[in-house]
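Colleague: All I have is the shape, not the residue letters:
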Ligand code: SF4
């Protein structure tokens, strides 16, 4: 033994052993998933309803139910069929919009109901690109174009779709309701219950089912078949009746 110590064999062996143990611990730590998978089907929070009061210099949006978070997207469609949106704070259930409030982003569509791309308007330093949201929503009301509010940040956010391990089979689908709001539909048949979509949705549009206080009409159950909308359905959803 003294011979081995003297020759440095034993310290070398112990060092090698330590390296192997540390490598094993490191491997196990790396193997632990960052997001815990839940094994339950996701639920989709219903769209929040609101009443819009239009004044000369102030628009008040009064939410019927408390929002999932204290910020919400108010949108209006412009004369080119684009959804112009602003993200606003909610104070005591009310959102206020005043002249000069700059829109945050604008969504361009290609027919029938497919998003082409979007533009972040706040990042522009060109004053001509500053879009006055008060003007856009007031014009939308006067021209009977759609306006409203939504919690989902699609297409600026696509987190739920990016993490879904089976997104290619269309489990998560983004639709536009007749009022022009984006909302996700989750086709539960085929959903692997990874729990990833509601883990990454920061605005609580897709949520753990335990957070759903009541059964939502139209929220599918696992036994419901996948019903992909026809082109006609999409046109109706996109343009309204
Ligand atoms: S993660 Fe949430 S906010 Fe983002 S696209 Fe999905 S549902 Fe919408």
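Modeller: That came through, no problem. Because the structure is predicted, anything quoted here is derived from the model rather than measured.
Colleague: where along the chain do the strands fall?
Modeller: Secondary structure of the chain (DSSP state E): strands located at 43-44, 50-54, 59-63, 71-77, 83-89, 94-97, 105-110, 114-120, 147-150, 172-176, 182-186, 206-207.
Colleague: Can I get the ones you listed in CSV including mean neighbour count?
Modeller: C-beta coordinates here come from the backbone N, C-alpha and C atoms, glycine included. Below are those laid out as CSV (neighbours: other CB atoms under 10 Å):
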stretch, mean neighbour count
strand 43-44, 22
strand 50-54, 14
strand 59-63, 17
strand 71-77, 22
strand 83-89, 21
strand 94-97, 18
strand 105-110, 17
strand 114-120, 13
strand 147-150, 23
strand 172-176, 19
strand 182-186, 20
strand 206-207, 19
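Colleague: In CSV: those, plus mean pLDDT.
Modeller: Below are the strands of the chain laid out as CSV (pLDDT from 0 to 100):
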stretch, mean pLDDT
strand 43-44, 92
strand 50-54, 97
strand 59-63, 96
strand 71-77, 95
strand 83-89, 95
strand 94-97, 97
strand 105-110, 94
strand 114-120, 92
strand 147-150, 95
strand 172-176, 93
strand 182-186, 93
strand 206-207, 92
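Colleague: Distance to the ligand for these - can I get that in JSON lines?
Modeller: Shown next, in JSON lines, are these (distance: least, CB to the nearest ligand atom, whole Å):
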{"stretch": "strand 43-44", "distance to the ligand": "8"}
{"stretch": "strand 50-54", "distance to the ligand": "18"}
{"stretch": "strand 59-63", "distance to the ligand": "17"}
{"stretch": "strand 71-77", "distance to the ligand": "9"}
{"stretch": "strand 83-89", "distance to the ligand": "11"}
{"stretch": "strand 94-97", "distance to the ligand": "18"}
{"stretch": "strand 105-110", "distance to the ligand": "12"}
{"stretch": "strand 114-120", "distance to the ligand": "11"}
{"stretch": "strand 147-150", "distance to the ligand": "9"}
{"stretch": "strand 172-176", "distance to the ligand": "7"}
{"stretch": "strand 182-186", "distance to the ligand": "5"}
{"stretch": "strand 206-207", "distance to the ligand": "5"}
